[in-house]
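Enquirer: I would like the atomic coordinates for the input below:
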Amino acid sequence: MKAPRIGFLGVGWIGRHRMQAILASGAAEAAAIADPSPEMAEEARKLAPGARCVGSLEEMLALRLDGVVIATPSAMHAAQSIQALQSGAAVFCQKPLGRTEAEVRAVVDAARAADRLLAVDLSYRFTEGMRRIREAIQAGQLGSPYAVDLVFHNAYGPDKPWFRDPALSGGGCVMDLGVHLVDLALWALDFPKVARASGSLFAGGEPLGARTDRVEDYAVATIELETGAVVRLACSWNLHAGCDAVISAEFHGTAGGAALRNVNGSFYDFTAERFRGTARETLALPPDEWGGRAAADWAARLAGGARYDPATEQLTEVAAVLDRIYGR
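Expert: Numbers count the residues shown, from 1 in each chain. Here you go, the predicted model:
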């Protein structure tokens, strides 16, 4: 079977990293590259000398590609994904897929109508630690889960101004980091129904309130599930954390617990453990090259002929929770 021909829209650091992961998997070939920065496009072309540099998504789609990888600013994700899907291309998009549930729903509807594979780079699902924790939960090894605690503090914060523009980003640290946390909780628990969700948002140490000219840089949220379980999350940018990042996902049940935690402030290295009373068991340790697995998985499924996946509907459930945290 011939490898799918893929276009890469946006090839900054993360776009190039996902491109490299897909090419290294051998599941697809890079046919086209587009980026507003000629320097970034040229760096990406070093990974795929045969790829054509084009000036726009329209020019890319005119090449009749099998799929498009989108790594552009958040405000563009929904419209670009819909355009690609309607042209007949599968889509792998950076998170968030949309700034609101309505935007995400529109993309999912477009994927279903076009019968094309759609995936989002919710990469923490693909850490070995989280996969092992989910397996333990699904196998009943934690009993009945009733409490989930999630944390993602990025002590650096984003380096591009558009992240802090509400119109372009759709939100601050919740949209950037909280989306991973909400997705991990719901995915690990097999997407139970959400009864209620609420959040408290801060900017510069003060409650954000009704301000629309800023985005939150610190947030805490509570999500109550119809199972009776409670999910609590906290996320931030530029917190005085004493290290680069604090990342954890803890799951507590009637028969045990499990936790994913980053190592020494790393964004990339994680341990996973399972708990029974005061005893603990290691589930996963670094090194674990997980960063590009979501992209490689999408490319492999595309190469295998996968089309619309009904599990894509889960993307709207995550977006609906974010809307509630934002009070929308």
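Enquirer: is it true that Val179 touches Leu322?
Expert: Yes. Shown here, Val179 and Leu322 form a contact pair, counting by CB atoms under 8 Å, at 6.3 Å. C-beta: built from backbone N, CA, C; applies to glycine.
Enquirer: so what sits against both of those two?
Expert: Shared contacts of Val179 and Leu322 (CB atoms under 8 Å, 6 or more residues apart in numbering): Pro96.
Enquirer: and the helices in this protein?
Expert: Under the criterion DSSP state H, the chain contains helices at 13-25, 38-47, 57-61, 74-86, 101-114, 128-138, 166-169, 173, 179-188, 293-303, 314-325.
Enquirer: which residues touch the shortest one?
Expert: Defining contact as CB under 8 Å, 6+ apart, one finds that helix 173 is touched by 152, 154, 215-219, 235-237.
Enquirer: can you redo those residues as a markdown table with pLDDT, neighbour count and distance to Asn262?
Expert: Formatted as a markdown table, these follow (pLDDT from 0 to 100; neighbours: other CB atoms under 10 Å; distance: CB to CB, whole Å):
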| residue | pLDDT | neighbour count | distance to Asn262 |
| --- | --- | --- | --- |
| Phe152 | 98 | 26 | 9 |
| Asn154 | 98 | 21 | 11 |
| Val215 | 97 | 23 | 24 |
| Glu216 | 98 | 27 | 22 |
| Asp217 | 98 | 23 | 20 |
| Tyr218 | 98 | 22 | 19 |
| Ala219 | 98 | 25 | 19 |
| Cys235 | 98 | 30 | 13 |
| Ser236 | 98 | 25 | 14 |
| Trp237 | 98 | 22 | 16 |
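Enquirer: pretty sure Val321 contacts Pro192?
Expert: No. Val321 is beyond contact range of Pro192, at 11.6 Å (criterion: CB under 8 Å).
Enquirer: neighbour count winner among the two?
Expert: Taking neighbours as other CB atoms under 10 Å, Val321 and Pro192 compare with Val321 leading, 25 against 16.
Enquirer: who's in contact with the more buried one?
Expert: Listed by CB under 8 Å, 6+ apart, the contact set of Val321 reads 182, 186, 194, 197, 223.
Enquirer: number of nearby residues for the spatially closest residue to Gly292 that is not a sequence neighbour?
Expert: Among residues not flanking Gly292 along the chain, Ala21 sits closest, at 2.3 Å (CB to CB, 6 or more residues apart in numbering). The local packing of Ala21 (other CB under 10 Å) involves 19 other residues.
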